[in-house]
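# Show me the folded form of this:
(one chain, ligands or ions: 1)
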Amino acid sequence: MPVFYGTEIRSRLLLGTARYPSPEVLTEAVRRSGTDIVTVSLRREAAGGRQGGAFFELIRELGVHVLPNTAGCHSVSEAVLTAKMAREVFATDWIKLEVIGHHDTLQPDVFGLVEAAGILAGEGFNVFPYTTDDLVVAERLLEAGCQVLMPWCAPIGSAMGPQNMPALRAMRAHFPDVPLIVDAGIGRPSHASAVMELGFDAVLLNTAVAGAADPAAMAAAFAKTIDAGHAAYHAGILEPRDMAVPSTPIIGKAVFT
Ligand SMILES: CC(=O)[C@@H](O)[C@H](O)COP(=O)(O)O
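This next block holds a predicted model:
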């Protein structure tokens, strides 16, 4: 199982906690997903029955690791301040670092991200940076002290699925020893399986589960395909070929009289 900052995790599915129709549905989705890590925004809008401190209490009661995030932060100072608040609220050094650079695409501001990651790592945080699939940015984040990377596969909430498989494949190849979690843009279980088949360590998703007609059932479906994708990667996936290859080898030629 994956190890993030020295902690072994029981599941390769990380689940977001936003936009569920009710706290009960969220709780059931977490249970059926088998997840060991949920992410929660410190700047979440009050919704779904439980608000503010009551919602954070619900998160703590889920009995899984909490990965607070800085969703909604558009500057380094905002993200650093939010991370410090998260450390107080959830008593954890883990932080999913988001520094958003673009209003429409919610694309990470990779310059601000590297700067904020360096500040937070210097203050003892274990930073999980939400980043693009750019290899140079990934290098800078590792130099800044990150030991886990979370590249997007598509814009947050878009459900588009992997938009650049070659870039994700390159990321896995260039950083074979770094835990890599695909974060954002997954729309359906087959998307999650596809990135796991590339050898990623885990997937973080929110919208595809919270927005499903039956979030708990969808969470269970994701859990199965993520495990299947991981198992397939380690079983050694056959590369596609240009030409047909007979699946039944024939020795000699049959002669019909
Ligand atoms: C909850 C959270 O952290 C999201 O910002 C995350 O990036 C998941 O994205 P999707 O909602 O697209 O799955």
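# my guess is residue 210 contacts residue 20, does it?
Yes: contact criterion C-beta atoms under 8 Å: residue 210 and residue 20 qualify, at 4.8 Å. Heads up, the C-betas are built off the backbone N, CA and C, glycines and all.
# Common neighbours of those two, please.
Applying C-beta atoms under 8 Å, 6 or more residues apart in numbering, one finds that residue 210 and residue 20 are jointly contacted by 26, 29.
# how about the nearest residue to residue 124, chain neighbours excluded?
Distance criterion C-beta to C-beta, 6 or more residues apart in numbering; nearest residue to residue 124, sequence neighbours excluded, is residue 93 at 5.9 Å.
# Could you do residue 65 as well?
Once flanking residues are discounted, residue 65 sits nearest to residue 37: 4.6 Å by C-beta to C-beta, 6+ apart.
# Looking at this structure, what residue ends up closest to the ligand?
residue 16 (2.9 Å; C-beta to the nearest ligand atom).
# since we're on the nearest residue to that residue once chain neighbours are set aside, how many residues are nearby?
Among residues not flanking residue 16 along the chain, residue 206 sits closest, at 2.5 Å (C-beta to C-beta, 6+ apart). Neighbours of residue 206 under the rule other C-beta atoms under 10 Å: 23.
# Check residue 101 too.
Counted with other C-beta under 10 Å, the neighbours of residue 101 add up to 17.
# still on that earlier bit, double-check the residue nearest to residue 124 against residue 84; I have them as touching.
No: the pair residue 93 and residue 84 fails to qualify as a contact (C-beta under 8 Å) at a distance of 10.9 Å.
# quick one: the helices in the stretch 1-150 of the chain?
Along the stretch 1-150 of the chain, the stretches classed as helices by DSSP state H, counting those that start in this stretch are 23-33, 52-61, 76-90, 110-122, 135-143.
# Next, format the ones you listed as CSV and append mean pLDDT, distance to the ligand and mean neighbour count.
Listed next are the helices of the stretch 1-150 of the chain as CSV, based on pLDDT from 0 to 100; distance: least, C-beta to the nearest ligand atom, whole Å; neighbours: other C-beta atoms under 10 Å:
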stretch, mean pLDDT, distance to the ligand, mean neighbour count
helix 23-33, 95, 12, 20
helix 52-61, 82, 12, 14
helix 76-90, 94, 13, 19
helix 110-122, 98, 13, 21
helix 135-143, 98, 16, 17
